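Asks: sequence first, predicted model second:
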Amino acid sequence: MTTRTVMALITLLCSLALAINLHAQGDGDVSQQIKQLQKEATDAQMKNDVSWAQQHLADGFIAGHSWGQWQTKDEFIKDLENKKNKWKSGDISDVQVATFGSNTAVAHYKFTYDAEIGGTHRARTVICSDTWVNDSGTWKSAATHCSPVERK
């Protein structure tokens, strides 16, 4: 193999690796849409906005909470309707989005909140992953899962 052929092959492989990495990191337009939806989801949760959840949670949605509870879409919405659940504060940060094809995106972020949920005061920081699916042109949350961040 000549030096020229080797250099061309190395250039091709580096370009391919870069393209794959950039695609996995997130399509700019989709990434921005998902980041905006994550902000809206947090705002809706703070306001117990049932209509937002009904519109943006996919059929089959499942939530995995940091306190070890799974919740279906119906259970999640019922919790939003419960007037005893009150959010004092909630802030998402460090939002990163990766896309997988044109119909799936995963958002990773940190969520710090203070709330009264199910009669229990919960104030903590968690790390979360939300899976979004494009359902006939509308992005919907298919799953969310959060884990507690260890306090030092």
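Replies: Thanks, I have the structure now.
Asks: which parts of this protein are strands?
Replies: Secondary structure of the chain (DSSP state E): strands at 57-64, 70-72, 86-99, 104-117, 120-135, 138-148.
Asks: for those strands, which one sits closest to K78?
Replies: Smallest distance to K78 across the strands of the chain (CB to CB): 8.9 Å, for strand 70-72. All C-beta atoms are positioned from the backbone trio N, CA, C, and that covers glycine.
Asks: mind giving me the packing neighbours of the closest one?
Replies: Under the contact criterion of 3 or more CB pairs under 8 Å, 6 or more residues apart in numbering; DSSP states H and E, strand 70-72 touches strand 57-64.
Asks: who's in contact with the strand it packs on?
Replies: Applying CB atoms under 8 Å, 6 or more residues apart in numbering, the external contacts of strand 57-64 come out as 70-73, 76-77, 133, 135, 140-146.
Asks: just the buried members of the residues you listed?
Replies: Among the contacts of strand 57-64, the ones that count as buried by 16 or more other CB atoms under 10 Å are Q71, K73, F76, I77, V133, K140, S141, A142, A143, T144, H145, C146.
Asks: returning to that earlier point: in TSV: the strands of the chain, plus distance to S51 and mean pLDDT.
Replies: TSV is the format used below for the strands of the chain (distance: least, CB to CB, whole Å; pLDDT from 0 to 100):
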stretch	distance to S51	mean pLDDT
strand 57-64	11	97
strand 70-72	18	97
strand 86-99	17	96
strand 104-117	20	96
strand 120-135	17	96
strand 138-148	14	97
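Asks: could I get those as JSON lines with distance to T42?
Replies: What follows is those, written out as JSON lines (distance: least, CB to CB, whole Å):
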{"stretch": "strand 57-64", "distance to T42": "14"}
{"stretch": "strand 70-72", "distance to T42": "17"}
{"stretch": "strand 86-99", "distance to T42": "5"}
{"stretch": "strand 104-117", "distance to T42": "7"}
{"stretch": "strand 120-135", "distance to T42": "10"}
{"stretch": "strand 138-148", "distance to T42": "11"}
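Asks: circling back: let's have the buried ones among the contacts of strand 57-64 in a markdown table, adding distance to Q32.
Replies: A markdown table is the format used below for the buried ones among the contacts of strand 57-64 (distance: CB to CB, whole Å):
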| residue | distance to Q32 |
| --- | --- |
| Q71 | 28 |
| K73 | 25 |
| F76 | 25 |
| I77 | 27 |
| V133 | 17 |
| K140 | 17 |
| S141 | 16 |
| A142 | 19 |
| A143 | 21 |
| T144 | 20 |
| H145 | 23 |
| C146 | 23 |
